[in-house]
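Engineer: Sharing a model prediction with you, sequence too.
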Amino acid sequence: MRTIETTIYEFNELSEKAKRKAIDKFIENDYIDFSDENESLKKFCELFGLSYREHSHYNSVFFTFNFDNSDLEDLKGIKLSTYLWNNYKTSLFKNKIYYSQKTGNFKKRTSKIILDNSCVLTGVYSDDEILNPIYTFLKHPDTETTFNDLIDKCFKSYVKMIDSAREYYVSDEYVIEQLEDCEYEFDENGNSCTYC
């Protein structure tokens with residue numbers, strides 16, 4: 001029997017070469033969870049009666065979609081804006097909630113006038129990203145945008161959000177933050193000795 005002693009390093013104590021290896025290994029082994037974002041997409045499609053297919057081509061993703069209501073295909077401009085407001089207002093907007101504190105107790109008050117559009121589908125940020133083109137259109141409807149165009153913009157907004165998140169999750173900045181926050185330990189070559 002023999003005993004081998006190994007010196008353990010924190011990330012910031014590694015050489016530049018070992019840091020690069022640790023970052024690359026983390027990216028290679030890390031799983032990026034997009035379940036919240038996918039749930040937003042699912043709720044969006046349920047809301048508007050859409051079915052879709054995801055397509056990948058090299059490093060890009062795009063969608064093709066179908067919707068059940070063929071009457072919507074001809075609507076555009078103010079007519080489309082009015083249709084969306086009249087038929088989807090309660091799904092796209094919620095009454096604004098206010099909280100106040102008196103003598104240590106929180107009091108909740110729901111406005112009957114002011115509407116809020118923050119995270120209305122599932123309660124996470126991805127709701128706002130996928131619905132942003134619709135909110136923009138409702139504020140400033142143009143005469144050329146059709147329902148099909150609007151839904152296409154929503155899917156593109158979703159893809160842009162996913163691409164941006166994926167890019168951030170493989171950035172050195174994010175990985176270094178994870179390695180330091182989780183207090184990973186390494187051998188001198190940058191091989192991980194601990195896991196979160």
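Structural biologist: Sure thing, it's come through.

Engineer: Have a look at the chain and report its longest strand.
Structural biologist: The residue-count maximum for a strand in the chain (DSSP state E) belongs to strand 105-116.

Engineer: now what about it, what contacts it?
Structural biologist: Outside of strand 105-116, the residues within contact range by CB atoms under 8 Å, 6 or more residues apart in numbering are 93-101. From N, CA and C alone the C-beta is placed, and that goes for glycine too.

Engineer: Give the buried residues for that strand.
Structural biologist: Buried residues in strand 105-116, counting neighbours by 16 or more other CB atoms under 10 Å, are absent.

Engineer: I'd like the average pLDDT over that strand.
Structural biologist: Mean pLDDT, computed over strand 105-116, is 85.

Engineer: same for the following helix or strand past that strand, what does it pack against?
Structural biologist: Proceeding N to C from strand 105-116, the next assigned helix or strand is helix 125-139, under DSSP states H and E. Helix 125-139 sits against helix 35-48, helix 77-92, helix 147-169, with contacts defined as 3 or more CB pairs under 8 Å, 6 or more residues apart in numbering; DSSP states H and E.

Engineer: which other residues reach the longest one?
Structural biologist: Same thing as helix 147-169. 30, 32, 34, 37, 40-41, 44, 48, 50, 52, 60-63, 65, 67, 72-73, 75-76, 80, 126, 129-134, 137, 174.

Engineer: And stretch 126-139, by the same measure?
Structural biologist: Residues beyond stretch 126-139 that count as contacts (CB under 8 Å, 6+ apart) turn out to be 36-37, 39-41, 43-44, 80-81, 84-85, 92, 117-121, 145, 150, 153-158, 160-161.

Engineer: In ChimeraX, how would I select just the buried ones from the residues you listed?
Structural biologist: Applying 16+ other CB under 10 Å to the contacts of stretch 126-139, the buried members can be selected in ChimeraX as follows:
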select :37,39,40,41,43,44,80,81,84,92,117,120,121,145,150,153,154,155,157,158,161
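
Engineer: for the chain, what helix or strand is lowest in average pLDDT?
Structural biologist: Lowest on mean pLDDT, DSSP states H and E among the helices and strands of the chain sits strand 60-67, with a mean of 61.

Engineer: quick one: Cys45 and Phe93, what's the gap?
Structural biologist: 19 Å (CB to CB, to the nearest Å).

Engineer: With Glu180 instead?
Structural biologist: For Glu180 relative to Phe93 (CB to CB), the value is 41 Å.

Engineer: just the buried members of the contacts of helix 147-169?
Structural biologist: 37, 40-41, 44, 48, 50, 52, 63, 67, 72, 75-76, 80, 126, 129-134, 137, 174.

Engineer: The closest residue to Leu80 other than its chain neighbours - how many residues pack around it?
Structural biologist: Distance criterion CB to CB, 6 or more residues apart in numbering; nearest residue to Leu80, sequence neighbours excluded, is Phe147 at 5.8 Å. Phe147 has 20 neighbours, counted by other CB atoms under 10 Å.

Engineer: What is the burial count for Tyr184?
Structural biologist: 18.
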